[in-house]
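>>> Show me the folded form of this:
(2 chains)
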Amino acid sequence: MAINHWSDEEIQEFLDGKSSISESLLEEHLKICAACGKSFQYYRNLYSGLRQDPKFQLPANFTQKVISRIPQFVQGTARFKFSDIFIGSIGIAALLGAMIFFIDFSAVAEALAKFSFPAVKADLQNWFHNSISTLNGGVLLIGSSVLTLLVTATLDRLLSGSKYR
Amino acid sequence: MTETGKLVKLILSGDAQAFESLIEEHKPLVSHVVFRMIPNPQDREDISQEVFIKAYQNLADFRFEAKLSTWIAQIAYNLAINYSRQKKMVSLDVLELADDSEGHLVSENMQQDKTVEEKDISRLLKTEIDNLPVQFRVIVSLFHLDQMSYNEIGKILNLPEGTVKSYLFRARKLLKDRLLSKYQVEDIWQ
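Numbers count the residues shown, from 1 in each chain, chains lettered A, B, ... in the order given. I've put the predicted structure just below:
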């Protein structure tokens, strides 16, 4: 009785899981057909080889090299951190300046001293008095400096930020 | 929003770390395409870098009609093909090359004096893949290493699904026949 051998295409389709032929039918055929059995085995080995990782290696610093070639990321990363720290510092300085300028610390010191530290009352009053006196002479200078820095920082953030956002 | 959508949005908002994770995730895929097409190691790295830079530059135009991996592989394939054309390294005439290669089997059959061990097979297979026409090489890699479908591979290579399937089958038959006829691997493969 003549045997219909499986073609290369049929074997590949089967191994790809895209064949309509059932596995039991295949097993039956392989029992009686050594030629197809060999062919199947060859393809199975080939498939196994093709699935092996070819170990194509890009350098370990490949990702960083790509990032460093994109100006938006290089500039963006550096300036973003710088301007954040800068604005944060200016904000804290402005807040402290406003507190010192508007709050009467001698009253606070007096209130604190009444409760538990009568011994240091005089020292605290003197310290705050001296601080305010020192600042009083340069309040305008300090205020205008802080404002200038704030405006500069805001402009920096707006101009550099638009490049990478 | 999908994970890919979130990643793309983060990258477009200037998140360098998000772009780093995109590179890390797609580096193997890009190397599978580029390394199969470009022989020179330095050119391989340069082109792989260009792939990701071009992907970044065009990310805003990515419309999610295909997978991000398919889109990136398409960029890789096109860049490598353009580079090869500039260097006159590659012919896309698959039919002519494939038929010619099959013809070579007869003369190479005369040199069956090599003893092959099992450990050599993967090296020989790599050599024979490199001898395939360029589209065959890429199709075999994308199908077996990246588990891509005929449809996805077709989008990357700009070929109909039927052609992808036909090239894949022919490539595997060529590889099997060459390994058997040139290196006598039957004993190991039994």
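
>>> Nearest residue to residue B:73 in space, please, no chain neighbours.
Nearest residue to residue B:73 in three dimensions, chain neighbours excluded: residue B:156, at 4.8 Å (C-beta to C-beta, 6 or more residues apart in numbering or on different chains). Yep, even glycine has a C-beta here, placed from its N, CA and C like the rest.

>>> which residues sit in contact with the one you found?
Contacts here follow C-beta atoms under 8 Å, 6 or more residues apart in numbering or on different chains; on that basis residue B:156 touches B:33, B:70, B:73, B:74, B:77, B:138, B:142, B:148.

>>> What residues does chain B have near chain A?
Proximity of chain B to chain A, by C-beta under 8 Å from any C-beta of the partner chain, involves residues B:13-14, B:16, B:19-20, B:23-24, B:27-28, B:31-32, B:35, B:44-45, B:48-49, B:52-53, B:56, B:121-122, B:125-126, B:140-141, B:144-145, B:168-169, B:172-173, B:175-176, B:179-180, B:185-186, B:188-190.

>>> now those: which count as buried?
Buried members of the residues of chain B next to chain A, counted by 16 or more other C-beta atoms under 10 Å in any protein chain shown: B:14, B:16, B:19-20, B:23, B:27, B:31-32, B:35, B:44-45, B:48-49, B:52-53, B:56, B:121-122, B:125, B:140-141, B:144-145, B:168-169, B:172-173, B:175-176, B:179-180, B:185, B:189.

>>> Please, which helix or strand holds residue A:39?
Using DSSP states H and E, residue A:39 maps to helix A:34-51.

>>> who's in contact with that helix?
Here helix A:34-51 has contacts from A:5-6, A:8, A:11-12, A:15, A:29-30, B:121-122, B:125, B:140, B:144-145, B:172, B:175-176, B:179-180, B:185-186, B:188-190, using C-beta under 8 Å, 6+ apart.

>>> again, 7 Å this time
A:5-6, A:11-12, A:15, A:29-30, B:121-122, B:125, B:140, B:144, B:172, B:175-176, B:180, B:189-190 (C-beta atoms under 7 Å, 6 or more residues apart in numbering or on different chains).

>>> Then stretch A:59-76?
With C-beta under 7 Å, 6+ apart, stretch A:59-76 has contacts from A:163-164, B:14, B:16, B:19-20, B:23-24, B:27, B:45, B:49, B:52-53, B:56.
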